[in-house]
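S.K.: Below: sequence and its predicted model.
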Amino acid sequence: MDVAEIDGLRIAFRRAGHGPAVVFVHGGAEDGRTWSPQLDALADEFTVIAWDEPGAGGSSDVPAGFGLSDYADALAGLIRGLDVSPCTLVGISWGVTVILELYRRHPGVVRSLVLADGYAGWLGSLGPEEADARLAGLRDQPEGTFDPTLPNLFAGAPPTEFVPLLEAISADVRRHSMLTALTAMAHADLTDVLDTIQVPTQLIWGALDARSPLSVAHEFDRRIPESDLAVIPGCGHVSNLEDPQAFNDILRSFLRRDGGVLPGGW
């Protein structure tokens, strides 16, 4: 694991491979380890980088008053600091919300996007009632009881091979940091950003995603001008772990088309 100092914050990240840069942005109550199957598979053709957002994994705690724009600025700062701009950004769930805010504020660092099982904020994609209910449910959880296999994260039982990984990530969740991130997602409405995206965009969704249902995916696909939607059968919300082979195949195909590995581009 490497570390960079960005705007006074210690940002930890994993980096491997050589080639066009691909930056992975994890979901809420996770860290960069959730992208392990993608880093392992794609490092043969790409420079793959997975950050731990502020408050997660090996990164600094979130400062007081930290908000969505601060996550986006920190991520943009990391991309510039590693000299990989413009790059492809790959996000899942809350990571999609962070990427959309980054695109609003720092479009120049983005070459292309891969948005998986995500939201334009809970408020934007699910409405105020559902956003408030989800946030209240998180706040009601006692300290140290976060369950990485919460109902509706997977279409079925969590994949056995990834249960130790999920448990390890869960053990490192910092309650204050988790609530800071997910409060930002609950209050965010970035639907207006979707119409402004002018880079190639691959959407990847689990067909059985109950957290961010396919109706959200179709709204993204309708509003993002250069988007393509791929749906993975039998998968829930964490499609990159539930069917990593299918996820990686879609991702590699998109990256080869848009990432400079093969001629032609998008």
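M.R.: Perfect, I can see it now.
S.K.: got any ranges where the stretch 101-250 of the chain has weak pLDDT?
M.R.: Applying pLDDT under 70 to the stretch 101-250 of the chain flags the ranges 142-151.
S.K.: Strands of that one, start to end?
M.R.: 110-116, 201-206, 227-232 (DSSP state E, counting those that start in this stretch).
S.K.: so residue 4 sits in a helix?
M.R.: No: read with DSSP: H, G, I helix; E, B strand; the rest coil, residue 4 is strand and lies in no helix.
S.K.: before we move on, back to that, now render the strands of the stretch 101-250 of the chain as CSV, adding distance to residue 180 and mean neighbour count.
M.R.: Bear in mind the C-beta positions are built from the backbone N, C-alpha and C, glycine included. Listed next are these as CSV, based on distance: least, C-beta to C-beta, whole Å; neighbours: other C-beta atoms under 10 Å:
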stretch, distance to residue 180, mean neighbour count
strand 110-116, 22, 25
strand 201-206, 26, 25
strand 227-232, 30, 19
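S.K.: So for stretch 37-44, mean pLDDT?
M.R.: The pLDDT scores in stretch 37-44 average 98.
S.K.: Please renumber the chain so that the first residue is 72 from this point on.
M.R.: Will do, 72 is the new start, and the previous item becomes stretch 108-115.
S.K.: in that stretch, what counts as buried?
M.R.: 108-110, 112-114 (16 or more other C-beta atoms under 10 Å).
S.K.: can you check stretch 131-151 too?
M.R.: Per 16+ other C-beta under 10 Å, stretch 131-151 contains these buried residues: 131, 133, 137-139, 141-150.
S.K.: picking that back up, out of the buried residues of stretch 108-115, who's nearest residue 157?
M.R.: Comparing the buried residues of stretch 108-115 against residue 157 with C-beta to C-beta places residue 113 closest, at 18.0 Å.
S.K.: so how far is residue 315 from that closest one?
M.R.: Using C-beta to C-beta, to the nearest Å, residue 113 is found at 11 Å from residue 315.
S.K.: what's the answer for residue 285, then?
M.R.: Taken as C-beta to C-beta, the span from residue 285 to residue 315 is 20 Å.
S.K.: same check, this time on residue 187
M.R.: Applying C-beta to C-beta, the value for residue 187 to residue 315 is 12 Å.
S.K.: what does residue 299 give?
M.R.: Relative to residue 315, and taking C-beta to C-beta, residue 299 is found at 20 Å.
S.K.: can you tell me which of the buried residues of stretch 131-151 are in helices?
M.R.: 139, 141-150 (DSSP state H).
S.K.: how about the closest residue to residue 309 other than its chain neighbours, what does it touch?
M.R.: Spatial nearest neighbour of residue 309, chain neighbours left out: residue 224 (5.4 Å); criterion: C-beta to C-beta, 6 or more residues apart in numbering. Neighbour list for residue 224: 282, 307-309 [criterion: C-beta atoms under 8 Å, 6 or more residues apart in numbering].
S.K.: can you give me the helices in the protein?
M.R.: Taking DSSP H as the criterion, the chain carries its helices at 107-113, 139-152, 165-176, 193-197, 199-211, 234-242, 246-258, 262-265, 285-294, 310-313, 315-329.
S.K.: want to throw these into JSON lines with distance to residue 122?
M.R.: What follows is the helices of the chain, written out as JSON lines (distance: least, C-beta to C-beta, whole Å):
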{"stretch": "helix 107-113", "distance to residue 122": "12"}
{"stretch": "helix 139-152", "distance to residue 122": "6"}
{"stretch": "helix 165-176", "distance to residue 122": "10"}
{"stretch": "helix 193-197", "distance to residue 122": "22"}
{"stretch": "helix 199-211", "distance to residue 122": "22"}
{"stretch": "helix 234-242", "distance to residue 122": "14"}
{"stretch": "helix 246-258", "distance to residue 122": "13"}
{"stretch": "helix 262-265", "distance to residue 122": "20"}
{"stretch": "helix 285-294", "distance to residue 122": "23"}
{"stretch": "helix 310-313", "distance to residue 122": "15"}
{"stretch": "helix 315-329", "distance to residue 122": "17"}
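S.K.: separation between residue 272 and residue 298?
M.R.: For residue 272, the distance to residue 298 (C-beta to C-beta) stands at 4 Å.
S.K.: Then residue 177?
M.R.: 20 Å.
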